[in-house]
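Novice: Next come a sequence and a model predicted from it.
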Amino acid sequence: MNPHRRQGEAAQRFAERRRREDEAPRLLQEVPRLRSLRLDIDEHTREGVVSSEPAHIRRIVVEHAPALFFLPCGDTRCRDGGHDVTRAVMAALRDGKTQFEGEDACSGTQGSGHCGRILHYIGMATFAE
């Protein structure tokens, strides 16, 4: 693939993600009692774990964060994939859960088949009394 085309596609994806974040309601508006949020994230294939440690720990800046939790697929060969876990994370936060977890299968493609990556996340939140 042409490297300039790949850079253009990446810039488009970044711009689209930024637009979605800007249009999303703010997390603190949706869950006013939320004080902190951390997501431990790892990915695996159907065959097994890609890494034994969390691949990424995301600390959310609650005061400024959008109420949007879309995580890109970790496989660089994946096209048009990612993990939108917004609904599940927001439901847990609205229910006041201090710990929650879930999984999401990537919706992207690799060549002529599905990506197959599965994202697993563990959320840890604190709330005001």
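Specialist: Sure, I can see it.
Novice: where do the helices sit along this structure?
Specialist: Applying DSSP state H to the chain gives helices spanning 3-23, 27-30, 86-94.
Novice: can you list these in JSON lines and add distance to residue 113, mean pLDDT and mean neighbour count?
Specialist: Any C-beta I mention is one placed from the backbone N, CA and C, and that applies to glycine too. Shown next, in JSON lines, are these (distance: least, C-beta to C-beta, whole Å; pLDDT from 0 to 100; neighbours: other C-beta atoms under 10 Å):
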{"stretch": "helix 3-23", "distance to residue 113": "20", "mean pLDDT": "69", "mean neighbour count": "11"}
{"stretch": "helix 27-30", "distance to residue 113": "35", "mean pLDDT": "95", "mean neighbour count": "15"}
{"stretch": "helix 86-94", "distance to residue 113": "26", "mean pLDDT": "97", "mean neighbour count": "17"}
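Novice: hmm, which helix or strand of the chain has the shakiest average pLDDT?
Specialist: Of all helical and strand segments in the chain, the minimum by mean pLDDT, DSSP states H and E falls on strand 48-49, at a mean of 60.
Novice: Low-confidence stretches in this protein?
Specialist: The chain contains residues with pLDDT under 70 at 1-7, 9-10, 13-14, 47-54.
Novice: Okay, and the beta partners of the residue sitting nearest the centre point of the chain?
Specialist: Closest residue to the average C-alpha location of the chain: residue 71 at 2.5 Å, with C-alpha atoms, centre = their mean. In this entry, residue 71 is beta-bridged to residue 83, by DSSP bridges.
Novice: Spatially, and excluding backbone neighbours, which residue is closest to residue 75.
Specialist: Excluding the flanking residues, the one nearest residue 75 by C-beta to C-beta, 6 or more residues apart in numbering is residue 117, at 5.4 Å.
Novice: Can you get me a residue count around the one you found?
Specialist: Counted by other C-beta atoms under 10 Å, the residues lying close to residue 117 total 24.
Novice: which ones are touching it?
Specialist: 43, 44, 45, 73, 74, 75, 78, 81, 105, 106, 108 (C-beta atoms under 8 Å, 6 or more residues apart in numbering).
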